[in-house]
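Student: quick one, fold the following:
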Amino acid sequence: MGNLFLVCLFFSSFVLSSYSADQTALGIAQLVKESNTGFVGEQGKMEMILKLENQEIKRLMVSKSLEVSPDENRTLLVFEIPKDVRGTKLLTWSFESKDDSQWIYLPSLRRVKRITSSGSSSSFMGSEFTFEDLRNSGIKKYEYSNLSELKKDNDILWKYNRKSLKKSGYSKQIVTVSKKYMNIVKIEYFDRSGEKLKVAEFSNFKQFQVKNKTMWRAGRIVMRNLQTKKSSILIWSERKIGVRINKSVFQKGSLK
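Tutor: Modelled structure (predicted):
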């Protein structure tokens, strides 16, 4: 789902040589957060492709995000196509440490429904993405371990485990971060019994400039469910970063 390269490279070398594995993994997560802070606002179109056993379903959404503060982001997804889901909206308030909030507006029922913590592991609109997957991952909500480093295609990849300190549908996640993009390129999800459940792969990275800061964004995410053999794909287009969006767009009352 940017970088201050000299600072990041120095800091990453420092933490790798000076701290324990748990602290270093947390340091890498902090680098990713810092590299993506300052985007101001973001908007674009998203195509969602559901690959089922004998069927492929395509949907089109408009996506808007607002950086309220370094510790709070808000995102609004609005379905436009096809007709049977047109007008469905998902509003997410993501926080660094306190509990996130999510609401979904279902036009067929003409009501707004709050996504509870127990419902966050449910499928989002029949996809392999859950409501939990669509929240920004606050680094203070996890404990970290097992950092490793490898080189691949002229890039350095950091891999570490993270376990949610909040209620989650996953027992743990294994995260892979690209030093080149200073962003996550892969997440492996394990179910509550400890079995590997899903793998998300991030690709088609594009560079954006926000003021004097360079940021990278994945243009494609493929989520594969290893247990059901189904998959879902998100593809971005017409993406703009650094845009000003009125905060009123991200209010619960504006969903209807």
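Student: please count neighbours and contacts with C-alpha atoms only from this point.
Tutor: Will do.
Student: how many neighbours does the closest residue to residue 100 other than its chain neighbours have?
Tutor: Once flanking residues are discounted, residue 100 sits nearest to residue 94: 4.8 Å by C-alpha to C-alpha, 6 or more residues apart in numbering. Neighbours of residue 94 under the rule other C-alpha atoms under 10 Å: 23.
Student: contacting residues around residue 94?
Tutor: Shown in contact with residue 94 (C-alpha atoms under 8 Å, 6 or more residues apart in numbering): 72, 73, 74, 100, 101, 135, 136, 137, 138.
Student: least confident pick among these?
Tutor: Within the contacts of residue 94, residue 137 has the lowest pLDDT, namely 82.
Student: what separation do you get for it and residue 211?
Tutor: Noted for residue 137: a distance of 25 Å to residue 211, by C-alpha to C-alpha, to the nearest Å.
Student: partner residues bridging residue 81?
Tutor: residue 60 (DSSP bridges).
Student: burial count for it?
Tutor: Residues near residue 81, counting by other C-alpha under 10 Å, number 15.
Student: residue 56 and residue 50 touch, don't they?
Tutor: Yes - taking contacts as C-alpha atoms under 8 Å, residue 56 lies within contact range of residue 50: 5.6 Å.
Student: compare the two (neighbour count), which wins?
Tutor: Under the criterion of other C-alpha under 10 Å, the comparison of residue 56 against residue 50 puts residue 50 first, with 21 against 11.
Student: so where does the more buried one fall, helix or strand?
Tutor: strand 41-51 (DSSP states H and E).
Student: run through who's touching that strand.
Tutor: Residues outside strand 41-51 that contact it (C-alpha under 8 Å, 6+ apart): 56-67, 127, 230-245.
Student: any idea which element the residue lying closest to residue 209 once chain neighbours are set aside lies in?
Tutor: Residue nearest to residue 209 in three dimensions, not counting chain neighbours: residue 215, with 6.2 Å by C-alpha to C-alpha, 6+ apart. Using DSSP H and E, residue 215 maps to strand 213-225.
Student: alright, that wraps it up for me.
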